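Novice: Fold the following, please.
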Amino acid sequence: MYRNTIKPFFDFIGALLLAPIVGPIIILVAVILAFSTGGHPFFLQNRPGKNGRLFTIIKFKTMNNKTDATGELLPDAERLTTIGKFIRSSSLDDLPQLLNVLIGNMSFVGPRPLLPEYLPLYNEIQKQRHNVKPGITGWAQVNGRNVISWQQKFEFDVWYVNNQSFTLDLKILYKTVVKVIKKEAIDRTEDASLTRFKGN
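Specialist: Just a heads-up that it's a prediction; the model follows:
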């Protein structure tokens with residue numbers, strides 16, 4: 001009952017209440033990014049949600065569109081702007097996903113939505129991460145974020161799916177706020193993006 005009825009209700013009401021508070025911040029960051037990236041401040045991409053169904057995730061765009069002599073985009077690390085680094089490290093890039101929660105294709109808490117090309121690479125256990133809606137934050141994010149291995153991430157995701165509860169969600173939200181404030185467990189290597197998942 002919690003997963004299918006109570007949690008979606010809390011997600012919608014929570015997003016509705018947060019919208020007037022977060023809205024001005026989103027607008028401010030969007031204006032700043034429009035200048036720093038030289039274009040659209042938002043990043044839109046298809047991601048698999050519950051049951052693997054694709055939806056459009058909304059994030060702040062933290063990289064510019066600079067290309068090399070052949071017209072190919074430069075590596076992520078070279079396109080990540082200074083303001084983009086700050087926005088990523090402070091997790092502000094996830095704020096627009098509040099709209100995804102309002103629409104109903106994401107939750108506040110759940111496994112993070114990954115790339116569609118990973119879908120055929122999951123084993124039967126890893127596929128269970130798609131039995132629930134993806135979240136803005138999740139059990140894997142508060143237990144290492146992007147400094148743990150893919151295998152560990154999936155283990156945390158599947159554990160969450162099988163142990164989802166109201167108290168666990170509250171615990172994850174609390175730990176998320178603490179980690180964002182302290183900027184804990186954030187990968188500070190030179191790579192702007194995570195190493196891609198290539199299967200087991």
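Novice: in the protein, which helix or strand is least confident?
Specialist: Within the chain, confidence by mean pLDDT, DSSP states H and E is lowest for helix 76-79 among all helices and strands, at a mean of 74.
Novice: And for the very next helix or strand once past it, what's in contact with it?
Specialist: With elements assigned by DSSP states H and E, the helix or strand that comes after helix 76-79 is helix 82-89. The contact list for helix 82-89 (C-beta atoms under 8 Å, 6 or more residues apart in numbering) reads 29, 32-33, 36-37, 60-63, 80, 92-93, 183, 186. C-betas here are computed from N, CA, C, even on glycine.
Novice: Now do the same for residue 186: its pLDDT.
Specialist: Listed pLDDT for residue 186 reads 49.
Novice: and if you look at residue 189?
Specialist: For residue 189, pLDDT reads 38.
Novice: From the contacts of helix 82-89, which land in helices?
Specialist: 29, 32, 33, 36 (DSSP state H).
Novice: Could you single out the nearest of those to residue 135?
Specialist: residue 29 (20.8 Å; C-beta to C-beta).
Novice: name the helices or strands packed onto the helix or strand in which residue 13 is found?
Specialist: Taking DSSP H and E as the definition, one finds residue 13 inside helix 7-36. Here helix 7-36 touches strand 54-60, helix 82-89, helix 97-103, strand 107-109, going by 3 or more C-beta pairs under 8 Å, 6 or more residues apart in numbering; DSSP states H and E.
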